[in-house]
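*Asks:* any chance you could fold what I've pasted below:
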Amino acid sequence: MKTVLLLLSQYVFHEIESSSEEDDSEYEEEEILTFIGTSEIERHPRQVGYLNIITLYSDADFFRHFRVTRSTFQYLLHYLQNNNFRSQVTFHGGCEPMTLYEILYINLQYLGNQGSMRLLADKFNRTESTICNITGEFCKFMFLKQSDFIKFPTREKLRSVANKFQMKANFPGVVSALDGCHIPFHPKAPNQVPYRNYKKFYSFNLMAAALPDRSFSYVFCGFPGSVHDSTVFQNSSLFQKLETQEGIFNPVRYHVIADSAFPLKVWMMTPFKKIHGLLPADRKVFNKKLSSTRMVIELAFGDLKNRFKRCIDVNSTIEKGVEIVVTCCILQNICIQRGDVLYGGLDDEANLHCNVNRDQFREGRVDRFAEMKRQQICASFQGRRNLNRFGRRI
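*Replies:* You can find the predicted model right below:
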């Protein structure tokens, strides 16, 4: 009897405890439902119909918004179509996938301006994550296609390129002008230190070579801003090809030109350096002609940042930042090739950032053949000046 009463009391206690837990659970569920019922889902009103407004833009307004002409836009559109960009994307319901028109509009506005993705999302009636994803996809795709548009002169074109360079300041044999440019960047800790350059801001390096028309013949991008231009160049594929003489051009006749931050090589001409603060008159002439010819690369950097203002200040990961800048270089070449030019560069040279790490290259072992070649070019300028004094035609 005592055993039965004990079991009965345990059962009653268990039922009371279970009932109490169920009541608490029901009460919590009621609170959650009440909160959901009284709370509105957050919505973000956006503009509608902007793609229709674009068709009403004048040619000038179209260029101001997208930084390319309508003709160049159509060329880019056909290129994406012919190369099956996002052709694998299928529609499974929800928001309709973007058309190539919309993708190209978004990316050109993103690269051509410093506006945030939030503004683009509002303008094109898309989410910020969608804008972020599509700009990443586009820049990665173009980065992998850079060899289609950024090409070093072939042997067949060397003479033509050298003649066009020579028309600038009468400096012979030039096939490309080389320099480095810094892209302001915002790395996150603890990886900030390598990107802090000599001028105390964070950046990564854009090493490039340019042709007479200011298009890029070579691009090497991504080294931290603290690294000197000569070190960046020595780690590039162009340096390896020129150093091993892989048949790019005959170094006896042709050469790349650069400033004093780079080494003197038989295939690269750089300015004479002052000795005890002095420089003979003939070497001053050489340096002036080389500098005037080499100016094309700094103008190319100015044109790049003037057209595609995203390059003035990149706020992304280093991987995407490199893809963004190389994509802008590709688009700049496409514009030049199609006659869609935008000269003028940056009004503020401080934004160009070509001369950040300005130390001259310290020669180790002197390349005798390179020195002889530079002296011969220098002497040829002096000989032409002498001919000119006697009234002969140069």
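
*Asks:* next SSE after the worst-scoring helix or strand of the chain on mean pLDDT?
*Replies:* Among the helices and strands of the chain, helix 2-38 carries the lowest confidence by mean pLDDT, DSSP states H and E, at a mean of 52. Following helix 2-38 in sequence order, the next helix or strand is helix 50-54 (DSSP states H and E).

*Asks:* average pLDDT across whichever helix or strand comes after that next one?
*Replies:* Sequence-wise, the next helix or strand downstream of helix 50-54 (DSSP H and E) is helix 59-66. Helix 59-66 comes out with an average pLDDT of 96.

*Asks:* and if you look at stretch 305-315?
*Replies:* If you average the pLDDT values across stretch 305-315, you get 95.

*Asks:* now stretch 268-279
*Replies:* In the prediction, stretch 268-279 has an average pLDDT of 91.

*Asks:* show me what it is in contact with.
*Replies:* By CB atoms under 8 Å, 6 or more residues apart in numbering, the surrounding residues in contact with stretch 268-279 are 174, 178, 242, 255-260, 262-264, 283, 286-287, 290-291, 360-361, 370, 373-374, 377-378. (Glycine included, C-beta is placed from N, CA and C.)

*Asks:* from the residues you listed, which land in helices?
*Replies:* Counting by DSSP state H, the part of the contacts of stretch 268-279 found in helices is 242, 283, 286-287, 290-291, 370, 373-374, 377-378.

*Asks:* re the thing from before, make a ChimeraX selection of the buried ones in the contacts of stretch 268-279.
*Replies:* Isolation of the buried members of these (16 or more other CB atoms under 10 Å) is achieved in ChimeraX through the command below:
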select :174,178,242,255,256,257,258,259,260,262,263,264,283,286,287,290,361,370,373,374,377,378
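
*Asks:* give me the residue at the spatial middle of this structure.
*Replies:* Geometric centre of the chain, nearest residue: Val325, 0.9 Å, by CA atoms, centre = their mean.

*Asks:* what residues are up against it?
*Replies:* Applying CB under 8 Å, 6+ apart, we find Val325 in contact with 183, 206, 221, 311, 314.

*Asks:* out of the residues you listed, which sit inside strands?
*Replies:* Among those, DSSP state E puts 183, 206, 221 in strands.

*Asks:* ok, the residues you listed vs Glu246, which is closest?
*Replies:* Cys221 (21.8 Å; CB to CB).

*Asks:* the closest one contacts Asn205, doesn't it?
*Replies:* Yes: Cys221 lies in contact with Asn205 (CB atoms under 8 Å); the separation is 7.1 Å.

*Asks:* more crowded one of those two?
*Replies:* Asn205 (27 against 21; other CB atoms under 10 Å).

*Asks:* spit out the contact partners of the closest residue to that one other than its chain neighbours.
*Replies:* Nearest residue to Asn205 in three dimensions, chain neighbours excluded: Phe223, at 4.3 Å (CB to CB, 6 or more residues apart in numbering). Neighbouring residues of Phe223 by CB under 8 Å, 6+ apart: 204-205, 207, 231-232, 235.

*Asks:* again, 10 Å this time
*Replies:* Counting by CB atoms under 10 Å, 6 or more residues apart in numbering, Phe223 touches 180, 194-195, 203-207, 229, 231-233, 235-236, 322.

*Asks:* on that earlier part again, by neighbours, which of the contacts of Val325 wins?
*Replies:* Leu206 (27 neighbours).

*Asks:* for it, give the beta-bridge partners.
*Replies:* Cys181, Cys221 (DSSP bridges).

*Asks:* that one contacts Phe220, correct?
*Replies:* Yes: shown here, Leu206 and Phe220 form a contact pair, counting by CB atoms under 10 Å, at 7.9 Å.

*Asks:* tell me the secondary structure at Tyr218.
*Replies:* strand (DSSP: H, G, I helix; E, B strand; the rest coil).

*Asks:* what about it, neighbour count?
*Replies:* 20.

*Asks:* doesn't Leu206 make contact with it?
*Replies:* No: between Tyr218 and Leu206 there is no contact under CB under 10 Å: 11.1 Å.

*Asks:* any common contacting residues for those two?
*Replies:* Cys329.

*Asks:* how close does Cys132 get to Glu298?
*Replies:* Counting by CB to CB, to the nearest Å, the separation of Cys132 from Glu298 is 33 Å.

*Asks:* swap that for Trp267, please
*Replies:* In terms of CB to CB, Trp267 sits 21 Å off from Glu298.

*Asks:* now do stretch 109-124, average pLDDT.
*Replies:* Taken as a whole, stretch 109-124 carries a mean pLDDT of 95.

*Asks:* measure that stretch end to end?
*Replies:* Start-to-end span of stretch 109-124 (CA to CA, to the nearest Å) is 11 Å.

*Asks:* show the contacting residues for Gln46.
*Replies:* Not Gln; residue 46 is Arg. 121-127.

*Asks:* redo that, cut-off 7 Å
*Replies:* Neighbouring residues of Arg46 by CB atoms under 7 Å, 6 or more residues apart in numbering: 122, 125.

*Asks:* need the pLDDT of it.
*Replies:* Per-residue pLDDT puts Arg46 at 74.

*Asks:* any idea how far it is from Phe308?
*Replies:* 25 Å.

*Asks:* could I get the full set of strands for the stretch 151-300 of the chain?
*Replies:* Using DSSP state E, counting those that start in this stretch, the strands of the stretch 151-300 of the chain run over residues 174-184, 203-210, 216-224, 255-257, 268-269.
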